[in-house]
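Student: sequence first, then the predicted structure, then my questions.
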2 protein chains.
Amino acid sequence: MDQAKGPRKGRAIGKTNDVNADLIAVVVAVNDAGPCVLTIEEGGALPSGPFELAHRSLQSGLRAWVELQTGQPLGYIEQLYTFADRDRVGANQRVISISYLALTREEDTGASGRRSWASWYDYFPWEDHRSGRPPIVLEELRPRLIEWADGADDGATRFDRRRRAAVAFALDGRAWNEELALQRYELLYEATLVEEAKRGGVSAILASVPGRSMIADHRRILATAIARLRSKIKYRPVVFELMPPLFTLLQLQRTVEALSGRLINKPNFRRLIEQQELVEKTGATTAETGGRPAQLYRFHHTILDERPVAGTKLPLARA
Amino acid sequence: MDQAKGPRKGRAIGKTNDVNADLIAVVVAVNDAGPCVLTIEEGGALPSGPFELAHRSLQSGLRAWVELQTGQPLGYIEQLYTFADRDRVGANQRVISISYLALTREEDTGASGRRSWASWYDYFPWEDHRSGRPPIVLEELRPRLIEWADGADDGATRFDRRRRAAVAFALDGRAWNEELALQRYELLYEATLVEEAKRGGVSAILASVPGRSMIADHRRILATAIARLRSKIKYRPVVFELMPPLFTLLQLQRTVEALSGRLINKPNFRRLIEQQELVEKTGATTAETGGRPAQLYRFHHTILDERPVAGTKLPLARA
DNA sequence: ACGTTTATAATCGTTGTGACTATAAGGGGT
DNA sequence: ACCCCTTATAGTCACAACGATTATAAACGT
């Protein structure tokens, strides 16, 4: 192998450069309660395990670990990011985390022990704007962020911190941007307002921190997944990976709203979906919700192949 | 560390699961000749090297290797993808390739030995549509792709292959989509129409293959970078990383055209750039190109912080 | 019968943007 | 000096996308 790669200089094959690669999965589903993530340890961690020689590929290794730990088979998979960051260094060993996003339907509730579905918004209570801006933003986060900003040494840093907080959390009359989920989490981390940022720190005085945390950097990875998914549903029809075979347009809309954390105008949503020919009527109807029975639709699969770029643009409120 | 990660089951710390992680850089610049990539070995490989204990992070490791091998300091860096695929398996050792995209200006031509800038389109001659569709598509690729499609066993596969080829290469009256650069390369790989796909194969009869190749999967990584960059310039103002401090709007347009491989309507481009307030006039002008002297602009940096989503949407020809 | 809920259709006005035309300002050749 | 070339810059036009709103239809419950 190395002979074939002659160009490398100073390359030393040996144990000194070996690393341990972890595969971490964010498995997402949506149910009536909202968007969910598959967890182990009662919501304290994401399914994960080391990449091993026996695995044919990164993806198959990930599938194996998730199925072993939760019994959940995975369909759609997409690579998220590879981390090799802070506080994950061992003696003469480094850990690389390769994270994936998986979309599935919460059906096959195999009784596989330690798994459980947890709502996104238990971990990020400030991300759900479906009923307007959640109180936690103005009541808890804003004062603490301002306090953090004003604690900076020089004026330029204070100004910059206030601006970043305002952009991320839609303060000072700015518009909320649901895709900034990761930036919001990173900002709270930087401001030491999440539990993870206090680990190993001297401040044993743990004031109440917003949102439930996870081990290691799992919550950060979850934030990465949320941001990616919220962005992707706008230009690729990935929502359908989360839908049952037959669904009504309102169910589809509720799913998109659950993911994006904000409400959508109903007629516009219907028009967008229908004119893009992403779905087709089945003829059947359902009347389980009360009100006029709704048409049942099915995803129009061939569209995926023909139009690789088209997607489900979300009709979201203008700023 | 492992105690903190109690959830893992069947986890075995030991040499058996160790892997070697390679960092690979696609360093992009644009000059008068077009879009370029930084290479070593006379264009045969991308700068790369193993992730080592001494590196503080993945990014710093990458910077170190690129600077060591080419003398090029890196500015903007963005992670591309992590591969652990085919034919990169050694005995009891696996190689993970973590690839990055870097944008820079081709200025500091330090005389660092084995580096050289190579045009994208030497490796992907079918990707440059600035002067209309290149002849290679219809004259060479199309007949071979059809031959490959018709070589399938069953009719469904034949149909599917023809459709995929038509979508990727804009056959049968379809519109060219510059963002499908990676899919095109993968399709050619699957059809055994690129040199990499024939390595180790029995077919020693190497018919002339389109485009220059690289060692290992470096050309695939380059294709990934091109696709990512072509997509990203449409919604994030990353082009400016490739521009000198002062530039004219036409220079900016030529850069975008070089990257996307297609021409842009001039008035529309100017309107888009100016109304988004991405640039500001400096007052100075230049008259080096002949014709009326052009205003020199400068990137409006503050915009980056205020509008994290806004970008340089490309006014591209409608389908 | 009436109100409530949901589904479905239609309309209006603004914005975005692709395509095109026109005018201005320089240089070089004859 | 004039013409012609090249490039810069401004303006127009038409259509498509889309956010917001209203209206009508079809079920159920009281």
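Tutor: On my side now, so go ahead.
Student: what about the residue of the stretch 101-250 of chain A found nearest DNA strand C, how many residues close to it?
Tutor: Using Cβ to the nearest atom of the strand, A:Leu250 is the residue of the stretch 101-250 of chain A that sits closest to DNA strand C, at 3.3 Å. The way it works is simple: take the backbone N, C-alpha and C, and place the C-beta from them, glycine included. Counted with other Cβ atoms under 10 Å in any protein chain shown, residues neighbouring A:Leu250 total 14.
Student: and the gap between it and A:Leu68?
Tutor: Counting by Cβ to Cβ, to the nearest Å, the separation of A:Leu250 from A:Leu68 is 37 Å.
Student: go on, A:Ala227?
Tutor: 28 Å.
Student: of the two, which one has the most company?
Tutor: Set A:Ala227 next to A:Leu68 and count neighbours by other Cβ under 10 Å: A:Ala227 wins out with 20 against 13.
Student: tell me what the one helix or strand that one maps to is packed against?
Tutor: Using DSSP states H and E, A:Ala227 falls within helix A:218-232. Using 3 or more Cβ pairs under 8 Å, 6 or more residues apart in numbering or on different chains; DSSP states H and E, the elements in contact with helix A:218-232 are strand A:18-31, strand A:76-83, strand A:93-103, helix A:120-123, helix A:181-190, helix A:249-260.
Student: what's the closest of these to B:Ile146?
Tutor: If you check each of the helices and strands packed on helix A:218-232 against B:Ile146 by Cβ to Cβ, strand A:76-83 wins as the nearest, at 31.0 Å.
Student: you'd agree A:Thr70 is up against A:Pro47?
Tutor: Yes: using Cβ atoms under 8 Å, A:Thr70 is in contact with A:Pro47, at 5.5 Å.
Student: so which of those two has more stuff around it?
Tutor: A:Pro47 (29 against 22).
Student: could the helices and strands packed on helix A:218-232 go into CSV alongside mean pLDDT and distance to B:Val194?
Tutor: Converted to CSV, these look like this (pLDDT from 0 to 100; distance: least, Cβ to Cβ, whole Å):
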stretch, mean pLDDT, distance to B:Val194
strand A:18-31, 92, 28
strand A:76-83, 96, 23
strand A:93-103, 91, 27
helix A:120-123, 97, 42
helix A:181-190, 95, 36
helix A:249-260, 92, 38
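Student: who is the residue in chain A that chain B sits nearest to paired with across the strands?
Tutor: The minimum distance from chain A to chain B, using Cβ to the nearest Cβ, falls at A:Asp18 (3.8 Å). On the basis of DSSP bridges, A:Asp18 is bridged to B:Asn20.
Student: roughly how far does it sit from B:Tyr123?
Tutor: 32 Å.
Student: what residues are up against the residue nearest to A:Ile98 when sequence neighbours are not counted?
Tutor: In this structure, A:Ile98 finds its nearest non-sequential neighbour in A:Thr82, 4.9 Å apart by Cβ to Cβ, 6 or more residues apart in numbering or on different chains. A:Thr82 sits next to A:96-99, B:58, B:79, B:82, B:98 when contact means Cβ atoms under 8 Å, 6 or more residues apart in numbering or on different chains.
Student: quick one: A:Thr82 from DNA strand D, how far?
Tutor: Going from A:Thr82 to DNA strand D by Cβ to the nearest atom of the strand, to the nearest Å gives 33 Å.
Student: before we move on, what about A:Tyr189?
Tutor: To DNA strand D, A:Tyr189 is 32 Å away according to Cβ to the nearest atom of the strand.
Student: leaving out sequence neighbours, find the closest residue to that residue.
Tutor: A:Ala197 is the one closest to A:Tyr189 (Cβ to Cβ, 6+ apart), at 4.7 Å.
Student: may I have the beta-bridge partners of the nearest residue to the residue of the stretch 101-250 of chain A closest to DNA strand C once chain neighbours are set aside?
Tutor: Take A:Leu250 and drop its neighbours on the chain: the residue closest to it by Cβ to Cβ, 6+ apart is A:Ala294, 6.4 Å away. Here A:Ala294 shows beta-bridge partners A:Thr286, assigned using DSSP bridges.
Student: just give the number of residues close to A:Ala294.
Tutor: A:Ala294: 17 surrounding residues under other Cβ under 10 Å.
Student: contacting residues for A:Leu23?
Tutor: Going by Cβ under 8 Å, 6+ apart, A:Leu23 touches A:48-51, A:58, A:61-62, A:65, A:98-100.
Student: recalculate using a threshold of 10 Å.
Tutor: A:47-52, A:55, A:58-66, A:96-100 (Cβ atoms under 10 Å, 6 or more residues apart in numbering or on different chains).
Student: among the residues you listed, the buried ones, what's the PyMOL command?
Tutor: Selection of buried members from these for PyMOL, criterion 16 or more other Cβ atoms under 10 Å in any protein chain shown:
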select buried, chain A and resi 47+48+49+50+51+52+55+58+59+61+62+63+64+65+66+96+97+98+99+100
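Student: next, whichever residue of the stretch 51-200 of chain A sits closest to DNA strand D: phi, psi?
Tutor: The minimum distance from the stretch 51-200 of chain A to DNA strand D, using Cβ to the nearest atom of the strand, falls at A:Ala175 (10.8 Å). The phi/psi pair for A:Ala175 (degrees, to the nearest 10) reads phi -90, psi 140.
Student: neighbours of it, how many?
Tutor: Using other Cβ under 10 Å, A:Ala175 is surrounded by 10 other residues.
Student: thanks again, I'm all set now.
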